[in-house]
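Colleague: sequence isn't available, so here's the structure alone:
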């Protein structure tokens, strides 16, 4: 596992950025070009795609600010009204601030037909404590609801115990790695399996420990017991709790593997999950997309580019491919 995936002890952060942006960036000039090529009479899809995918998140947010200063409204509102091309949700995702997009995603996951637990886990497991705190503030501003309250009302059982802890947020992020502490925590997990408290012990450790520490605990557990933590989770837990612990273990082991699997799942079977596909491409294209593409090829025997070309419609394909390039 590459330690570069765990900058600041959080898999959502990364030391490499795949999108270099425009070194001669000018928000006013870009906004003028964008509005020109979004217009009905002079619209040019290729120019729009080239512009938005060659800018960083920060540069796109500067365009958003420029538009708001000039027009007194969000460019996202304009994009929702003026659906000039066939990829409105992808354009909207690109121009929303990252945490606003997260807040909208969490809201949708809580209010879909049956709570979307996997999406909630994806968000709260791959954001820093500070990012989660900002997400919560934006959520309250947009929906006039405390996020913790909505999570409590919309989730149940042990999944509620997991997701409310992840949303506090209180995962350790600057703890000094300790081999001895990892060995002790691995022993505690083994002992907990013999007690009724095993669920609470696993939840506490998995939700509060840094990812570096969890990885050390997993290694220590396997040395002590001769089996992986994943096999233990499969045997000892069921339902949403098993899914939650497996997701945490997967992200601890390799965020790129986790997201490669999520991307694959978004495009297989009938009725592709375009929301998932768009979200992962948009949120990871400047984080760890090169690693995700490598894992995708090794795991599924086809490049992510080819898979997107085969499994998506032309309206989204060109923009998605430009983002992962």
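Modeller: On my side now, so go ahead. All values derive from a computational prediction rather than experimental measurement.

Colleague: any low-confidence regions in this protein?
Modeller: Judged by pLDDT under 70, the chain has its weakly predicted residues at 1-20, 83-86.

Colleague: domains for it, by residue range?
Modeller: By the assignment in automatic domain parsing, the chain contains the domains 98-166, 179-253, 255-324.

Colleague: distance of the residue nearest to residue 143 when sequence neighbours are not counted from residue 191?
Modeller: Take residue 143 and drop its neighbours on the chain: the residue closest to it by CB to CB, 6 or more residues apart in numbering is residue 107, 6.1 Å away. C-beta coordinates here come from the backbone N, C-alpha and C atoms, glycine included. Distance, residue 107 to residue 191, by CB to CB, to the nearest Å: 40 Å.

Colleague: neighbour count winner among the two?
Modeller: Using other CB atoms under 10 Å as the criterion, residue 107 and residue 191 rank with residue 107 on top: 16 against 12.

Colleague: and that one, what does it touch?
Modeller: By CB atoms under 8 Å, 6 or more residues apart in numbering, residue 107 lies in contact with 139, 142, 143, 150.

Colleague: out of these, who's the most crowded?
Modeller: residue 139 (24 neighbours).

Colleague: list the buried residues in the strand or helix carrying that one.
Modeller: Assigned by DSSP states H and E, residue 139 belongs to helix 129-143. Under the neighbour-count criterion of 16 or more other CB atoms under 10 Å, helix 129-143 has 129, 131, 132, 134, 135, 136, 138, 139, 140, 143 buried.

Colleague: check contacts around the first one.
Modeller: When you say that, I think you mean residue 129. Residue 129 neighbours (CB under 8 Å, 6+ apart): 169, 170, 171, 173.

Colleague: Throw together a ChimeraX command that grabs the buried residues out of the residues you listed.
Modeller: Burial among the contacts of residue 129 is assessed by 16+ other CB under 10 Å; the matching ChimeraX selection reads:
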select :169,171,173
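
Colleague: turn the contacts of residue 129 into TSV, columns for distance to residue 251 and secondary structure.
Modeller: Below are these laid out as TSV (distance: CB to CB, whole Å; DSSP: H, G, I helix; E, B strand; the rest coil):
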residue	distance to residue 251	secondary structure
169	15	coil
170	17	coil
171	11	coil
173	14	coil
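
Colleague: can I get the contacts of residue 129 in JSON lines with distance to residue 250?
Modeller: Output for these, formatted as JSON lines (distance: CB to CB, whole Å):
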{"residue": "169", "distance to residue 250": "19"}
{"residue": "170", "distance to residue 250": "21"}
{"residue": "171", "distance to residue 250": "16"}
{"residue": "173", "distance to residue 250": "19"}
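
Colleague: can you tell me the SS state at the residue of the chain most remote from its centre?
Modeller: Checked against the mean C-alpha position of the chain, the extreme residue using CA atoms, centre = their mean is residue 41, at a distance of 36.8 Å. Following DSSP: H, G, I helix; E, B strand; the rest coil, residue 41 is assigned to coil.

Colleague: touching, residue 67 and residue 31? I think so.
Modeller: Yes: between residue 67 and residue 31 there is a contact at 5.7 Å, judged by CB atoms under 8 Å.

Colleague: what do those two both touch?
Modeller: With CB under 8 Å, 6+ apart, residue 67 and residue 31 have no common neighbours.

Colleague: tell me how many other residues crowd residue 164.
Modeller: Applying other CB under 10 Å, we find 16 other residues in the vicinity of residue 164.

Colleague: quick one: contacts for it?
Modeller: Residue 164 neighbours (CB under 8 Å, 6+ apart): 148, 151, 152, 155.

Colleague: buried subset of these as a PyMOL selection?
Modeller: Of the contacts of residue 164, the buried ones go into a single PyMOL selection, burial set by 16+ other CB under 10 Å:
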select buried, resi 151+155
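
Colleague: tell me the one of the contacts of residue 164 nearest residue 94?
Modeller: residue 151 (27.1 Å; CB to CB).

Colleague: for residue 92, see how far away that closest one is.
Modeller: 24 Å.

Colleague: what's the answer for residue 43, then?
Modeller: Using CB to CB, one obtains 17 Å as the distance from residue 43 to residue 92.

Colleague: next SSE after whichever strand or helix holds residue 232?
Modeller: Using DSSP H and E, residue 232 sits within helix 229-236. For helix 229-236, the following helix or strand on the C-terminal side (DSSP H and E) is helix 239-253.

Colleague: how far does the helix holding residue 139 sit from the chain's center?
Modeller: 15 Å (CA atoms, centre = their mean, to the nearest Å).
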